[in-house]
Structures are given as C-alpha cells and as structure tokens.
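> Need coordinates for the below:
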Amino acid sequence: MHDLPGAVLFACTLNAVRSPMAEALLKHLLGHRIYVDSTGVRAGEIDPFAVEVMDEIGIDLSRHRAKSFDDLEDTSYDLIISLSPEAQHRAVEMTRTMACEVEFWPTMDPSIIEGSREVRLDAYRAIRDDLKRRIEKRFPLDLKPVV
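This next block holds a predicted model:
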C-alpha cells in the first residue's frame, strides 16, 4: 500500500480524454484530501465522448479546460502519473528540476477507435473503468482511522 501523496498530476497527450478522466475520478474519490490536476503534452479540446461516459457515473467533465505542461502554474507535485509515452517523456524531464515520483500507466487512447457510436462509447467506458480500477488499487481510499 502506498502513502497518500499531497499532490498528483495526471498527464497524457492532449489533456482531452485520459488525464481529465483520471483527474475527475481521483478528485471524486479523494479530492477532499489531496490536490489533483491534469495536463497534456499539448492542449486539445475536451472530448465529448469522455464527457458522456463520465456523466454516466455522475461525474461532470463538461467544464474541463485542457492545458499543456507549459500552462501549469504549479509544478510542486509528489506524483506524476503519465498515461501516454509522450507524457512519460515530459514527466521524466520535470524530475530534473523537481523531486517527485513518476509512474507510467500505459493507457490506450479510445479516440482512435472507429465504428458505431456505441462501439466508440464502449471503448471510452473501458478506459474509464480501467483508470478507476488502477486508481483504487494505487491510492489508499479507506482513510478511516484504525480503531
């Protein structure tokens, strides 16, 4: 079991699907206990399918504004979790100037899936559910005092 970091940054390529989903999930679970943010190598636009599948579980992503590493106002993170190879390279670069842990969680980009609307939504749901499982495994969620 890992200790709970004070500040976590999720990073992917465009900050449009994977990292915003991960940020929203961790904020939903532990946002009252830790600082959580997300970024991309480049800033894209929030993906409507990501908004839709997060809405299915009661989390609103519609107000998310994508940003890049260059847009970050604070770079004092205890943990950076990169979700794409490009983001992993940028995260490792950041460790040259700040002390933080970096973890690589290779996560497929569901926006590359082609097919019907339902096929595409299923790909986004699979990524959402996988990120949720990884977050629940990585972070101590049962923070009640031991009696």
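
> Could you check the lengthiest helix in the chain and say which residues are buried?
In the chain, taking DSSP state H as the definition, the longest helix is helix 117-138. For helix 117-138, a neighbour-count test (16 or more other Cβ atoms under 10 Å) marks R120, L121, A123, Y124, R125, I127, R128, L131, K132, R134, I135, R138 as buried. Where you see a C-beta, it was placed from the backbone N, CA and C, and this is true even at glycine.

> ok, the residues you listed vs A22, which is closest?
Checking the buried residues of helix 117-138 against A22 by Cβ to Cβ gives L131 as the nearest, at 4.9 Å.

> Packing partners of the longest helix of the chain?
Helix 117-138 sits against helix 18-30, helix 48-55, with contacts defined as 3 or more Cβ pairs under 8 Å, 6 or more residues apart in numbering; DSSP states H and E.

> Need the contact partners of it.
Contact with helix 117-138 is made by 2, 17-18, 21-22, 25-26, 29, 47, 49-50, 52-54, 56-57, 81, 103, 105, 107-108, 110, 113-114, as judged by Cβ atoms under 8 Å, 6 or more residues apart in numbering.

> do the same with stretch 46-53
Contacts of stretch 46-53 (Cβ under 8 Å, 6+ apart): 16-17, 20-21, 60-62, 64-66, 110-111, 120-121, 124-125, 128.

> contacting residues for K27?
Residues in contact with K27 (Cβ under 8 Å, 6+ apart) are V36.

> Read off the pLDDT value for it.
pLDDT, K27: 95.
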